[in-house]
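**Q** This is a predicted model, with the sequence first.
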Protein chains: 2
Amino acid sequence: MSSPGDFTLEATDGKARAATLVTAHGAIQTPVFMPVGTLGTVKGVDPDELKAIGTQILLGNTYHLHLKPGEDLVAELGGLHRFMAWDGPILTDSGGFQIFSLADTRTIDDDGVSFRSVYDGDLVRLRPEDAMAIQAALGSDIAMCLDEVPKPDAPLAELAAAVERTTRWAARCKATTPAPGQLRFGIVQGGVEPALRERSASDLLEIGFDGYAIGGLAVGEEREATFRITDSTAALLPVDQPRYFMGIGDPEGILRVIAAGVDMFDCVLPTRLGRTGAAMTSNGRLNMRNAAFARDPEPLDPRCGCPTCQRFSRAYIRHLVMQKELLGMRLLSVHNMAFLLALCTAAREAIIEQRFDDFLATSLERLTTGAD
Amino acid sequence: MSSPGDFTLEATDGKARAATLVTAHGAIQTPVFMPVGTLGTVKGVDPDELKAIGTQILLGNTYHLHLKPGEDLVAELGGLHRFMAWDGPILTDSGGFQIFSLADTRTIDDDGVSFRSVYDGDLVRLRPEDAMAIQAALGSDIAMCLDEVPKPDAPLAELAAAVERTTRWAARCKATTPAPGQLRFGIVQGGVEPALRERSASDLLEIGFDGYAIGGLAVGEEREATFRITDSTAALLPVDQPRYFMGIGDPEGILRVIAAGVDMFDCVLPTRLGRTGAAMTSNGRLNMRNAAFARDPEPLDPRCGCPTCQRFSRAYIRHLVMQKELLGMRLLSVHNMAFLLALCTAAREAIIEQRFDDFLATSLERLTTGAD
C-alpha cells in the first residue's frame, strides 16, 4: 500500500530524474509540469480537457483563493477539488510570491506580512500559520510554506535576512496541522548566492518536509544564473524526496531544470501565451497574428497529438485570434499546455531509457533554431 | 436511400410538428434549435462540446464570414465544415439581416446592396447571386436567399416594396448553382401585415424552395404580434417542407413558435447571455452575479443533465462570473445551449406522444412564475 508522500525514484540519467510521487488524490509521474489554476480555474480550460491532455496535477493559488472567493466558502462547497471539479492532485502555493511581487503596500515583520488586496484594496494580514490554515481549508494535496521572496538584486544582508525569516516561518508552518494526507514542502531561498542557498537548504532539511522547492529564481536575474543556482541547489536536496522549481514554463527552461535534477515545475506561461495569440511548438514560438499563417492548413505543431492540433489548422486559429474569438485563446491554451506536458513525458522516457543528454541537445536545437 | 431535402413529418399535435430533415451532412430531428457560429465558431465553445450537448445543426453567418476570413480562404481550407471541425449540418444565413440591421451606410437598389464592412469600413457590394456564391463556397448544407428586411414600423408601401424585391431576389437566388447537396430556403417577409405575408409566401412557393423561413420578425415589434404573424404565416407554408423562424432564442419564444408549427430556429441569445453571466433555467433566468448564489451548492438547473450542471455548483459559476474568468462564460454558454436543445427534445417527445398542449402550459408556467 502506498501513502501520500511516498516517492519512488525510478531512474536517473546524469542529474535528471524520473520518479513517482504519491498524493492523497493519486500518484504523479515526474518530471511533471503543473498547469496553474490561479482562482480555481485554469483560465478558459475545462478540467475534463486538462485530463484529456494528460495533466497530472494542478496548482492553486493561496493568495488569490483567500481573497476570492475565500477558503471558508471553498471548504463549505466541499474543498477545492470538488469546487473546481478536479479530482486529481492539487498543489497550492503559499502566497509568498504574490505578496512580494504584486503588492506595493506590503509591510513585513517577523510575525507575518500585511498587504492590500489586489481585488478591493482591503488590508490583509497573513502569518505563516494563516497560509497553512488556508491551504488546509482548501484541502490541497501539497501545501507550500510561507516564504519571504526577496528581489533578485537585493543586498546580501537582505537576502540573508530573508533566508533566516523563511527558516523561522517554515518551522512555524511545520508546527501547524495539515489537512488529512496533505504534504508540505519547504522553500529554499537565497537569491543567486550559493552560500545562502546552502544555508537555507540545510535549515529546511533540519526541520524536515515532504519535499523541497527552489524559490526566488526566474524573477529577473540573468538566465544562466537561474540554471547555475538551480543546479547547485538541487544538489543540496535529498535524493529520495521531490524537488519543485517554482515558476518556470518556457520549454527551454523546463528542460534545463529537469537536467539539473528538478521533478516538478509550474507556470502561467502556456495559458498567458494562449490568450495573447502565441503557440509553443517543438520548433519554437509562433505568433499566430503573423500573416504567413492566414492560409496555412498545417496544425500548430505537426508533431503534436493534442485536441487542437488533431482538428484545427493554423489558418483557422489565426482567424480566431485576429477576430479575438474566445475559442482561439482556449485552443491555444490547451495546445500550449499539452505541448509542455508531452515535453515532460518525452523527457521522462529519455531519462528511463538513459538517453536524456541526446534528447536535451536535440530538443534545445529544435527549439532555438527551428530546425527539423 | 434518403437524399438532401427529404422531409418526413413524423407527428403533429395541434399545429406543432415533429419531423426529420435530411441534409448532405446528416439528418436533423425537429423541432430543432440551431446554435449560432457567427464567424465559424460558437463563441467560446468547442465543436466536440456542441456534439456532446446534442447540437444537430449549426448556423454560420454569410455576412461575417464573407468579410472575415472570406469564403475563398474557407473554401481553400476545405470548406466551412472542415475549417471549423464540425462535420454535422450547417445552415448559412444570407447576410440580409446583418446588412439591414448593422450597417448605417447601406444603399440598396434592385440589383443588390452596398454597405460598409463593420470590420474595416470597406465598401462591399452584395447581390443575390453573390450571397448564394458565398454560401456555395462555404459549402453549407442549407443556404438562405438574400432578402430585404424592412424595419418593423416601416410604412406599408415600404413593406410591400421589400416583399416584391425579396421575391425578385429569391428568383435570382434560385437561378444560381448551389454546392452539391446544398438546400435552399426562401424567406417570407411582410412585417406584421398578414396580406403582405400571404403575398410573399405565395410568390416564394411559386418559385419553389427546399424550405421556407419566416424573416423580419422578433426585430422590435410587439411580442404578441410576433406570434400572431408566425401563426398565420406558418399556416401558409407547405405541410411537407421545413419551416424556419429566423432569430428567436428565449425559451418562451421557442415554445410559442413550435406551437405555431415552426420546425427550426436560431439565436445568439444563449451564448450572449452566457458571456454576460446569465443562466437559462426551467424556472426562468438567473443572474449569476446575484449574491444569493454565493454559497449555493445546487447546479444552475437541477433538471439539467448538461456537462456544466453535472459538475459545477452555482457558487463556483458565480465565483467565475464575478472574477470575469473565461471558463464562466463558457460553462454558462454550454448550459444555456444545452437547456434550449433539451427543451426542443422534450417538445418533440410531447408532440409525438400527443401531449404538447400540456407540455406547453406546464413549461410556460414554470418559466414565467419560477414554480416547481
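**A** Yes, it's here.
**Q** contacts, neighbours, all on C-alpha from now
**A** Noted.
**Q** Kindly indicate whether the residue in the stretch 1-150 of chain A positioned nearest to chain B is helix, strand or coil.
**A** At 4.4 Å from chain B, residue A:44 is the closest residue in the stretch 1-150 of chain A, using C-alpha to the nearest C-alpha. The three-state label given to residue A:44 by DSSP: H, G, I helix; E, B strand; the rest coil is coil.
**Q** What of residue A:147?
**A** coil.
**Q** Need the pLDDT of it.
**A** pLDDT recorded at residue A:147 is 96.
**Q** Going along the chain, name the strands of the stretch 151-300 of chain A.
**A** A:183-188, A:211-214, A:243-245, A:264-267, A:278-281, A:284-287 (DSSP state E, counting those that start in this stretch).
**Q** Point out the most buried one among those strands.
**A** Counting by mean count of other C-alpha atoms under 10 Å in any protein chain shown, strand A:183-188 has the highest mean neighbour count of the strands of the stretch 151-300 of chain A, with a mean of 28.
**Q** Sheet partners, orientation included, of that strand?
**A** strand A:142-144 (parallel), strand A:211-214 (parallel) (DSSP bridges).
**Q** Serialize these to CSV and add fields for distance to residue A:267.
**A** Formatted as CSV, the strands paired with strand A:183-188 follow (distance: least, C-alpha to C-alpha, whole Å):
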stretch, distance to residue A:267
strand A:142-144, 16
strand A:211-214, 14
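**Q** Am I right that residue A:226 is in contact with residue A:218?
**A** Yes - assessed by C-alpha atoms under 8 Å, residue A:226 is found in contact with residue A:218 at 6.1 Å.
**Q** what's next to the worst-scoring helix or strand of chain A on mean pLDDT, contact-wise?
**A** Least confident helix or strand, chain A: helix A:96-102 with a mean of 80, by mean pLDDT, DSSP states H and E. Applying C-alpha atoms under 8 Å, 6 or more residues apart in numbering or on different chains, the contact partners of helix A:96-102 are A:63, A:106, A:115, A:118, A:146, A:147, A:148, A:149, A:150.
**Q** who wins for neighbours among the residues you listed?
**A** Among these, residue A:147 has the most neighbours (other C-alpha atoms under 10 Å in any protein chain shown), with 31 neighbours.
**Q** And the most centrally placed residue in chain A, how far from chain B?
**A** Against the mean C-alpha coordinate of chain A, by C-alpha atoms, centre = their mean, the closest residue is residue A:266 at 1.6 Å. The gap separating residue A:266 from chain B is 20 Å, by C-alpha to the nearest C-alpha, to the nearest Å.
**Q** That residue and residue A:33 touch, don't they?
**A** Yes - with contact defined as C-alpha under 8 Å, residue A:266 reaches residue A:33; the gap is 5.7 Å.
**Q** hang on, the earlier thing: could you pull up the residues touching the residue nearest to the centre of chain A?
**A** A:33, A:34, A:35, A:36, A:59, A:245, A:246, A:247, A:248, A:249.
**Q** The last one - nearest residue in space that isn't next to it in sequence?
**A** Spelled out, that is residue A:249. The shortest distance from residue A:249 to any non-neighbouring residue, by C-alpha to C-alpha, 6 or more residues apart in numbering or on different chains, is to residue A:267 (4.8 Å).
**Q** on that earlier part again, shouldn't the residue of the stretch 1-150 of chain A closest to chain B be in contact with residue B:325?
**A** Yes - shown here, residue A:44 and residue B:325 form a contact pair, counting by C-alpha under 8 Å, at 7.0 Å.
**Q** which of the two has more neighbours?
**A** Taking other C-alpha under 10 Å, residue A:44 and residue B:325 do not tie; residue A:44 has more neighbours (25 against 18).
**Q** for the stretch 51-200 of chain A, which spans come out with low pLDDT?
**A** Low-confidence segments of the stretch 51-200 of chain A (pLDDT under 70): A:102-103.
**Q** Spell out which parts of it neighbour chain B.
**A** Within the stretch 51-200 of chain A, the positions near chain B by C-alpha under 8 Å from any C-alpha of the partner chain are A:68, A:69, A:73, A:76, A:77, A:83, A:84, A:85.
**Q** Can you tell me the closest non-neighbouring residue to the fourth one?
**A** If you skip the residues right next to it in sequence, residue A:76 has residue B:295 as its closest partner in space, 7.7 Å away by C-alpha to C-alpha, 6+ apart.
**Q** pretty sure the one you found is touching residue A:77, no?
**A** Yes - between residue B:295 and residue A:77 there is a contact at 7.2 Å, judged by C-alpha under 8 Å.
**Q** Name the residues contacting each of those two.
**A** Joint contacts of residue B:295 and residue A:77 (C-alpha under 8 Å, 6+ apart) are residue B:315.
**Q** can I see the domain layout of chain A?
**A** A:7-267, A:274-358 (automatic domain parsing).
**Q** Now do the same contact list for the residue nearest to residue A:76.
**A** By C-alpha under 8 Å, 6+ apart, the neighbours of residue B:295 are A:73, A:76, A:77, B:314, B:315.
**Q** Of these, which is the most crowded?
**A** residue B:315 (25 neighbours).
**Q** Is the host helix or strand of that residue in proximity to chain A?
**A** In this assignment (DSSP states H and E), residue B:315 forms part of helix B:314-322. Yes - Helix B:314-322 lies within reach of chain A by C-alpha under 8 Å from any C-alpha, at B:315, B:316, B:319.
**Q** So what touches that helix?
**A** So helix B:314-322 is contacted by A:68-69, A:77, A:83-84, B:277, B:288-290, B:293-300, B:326-329, B:331-332 (C-alpha under 8 Å, 6+ apart).
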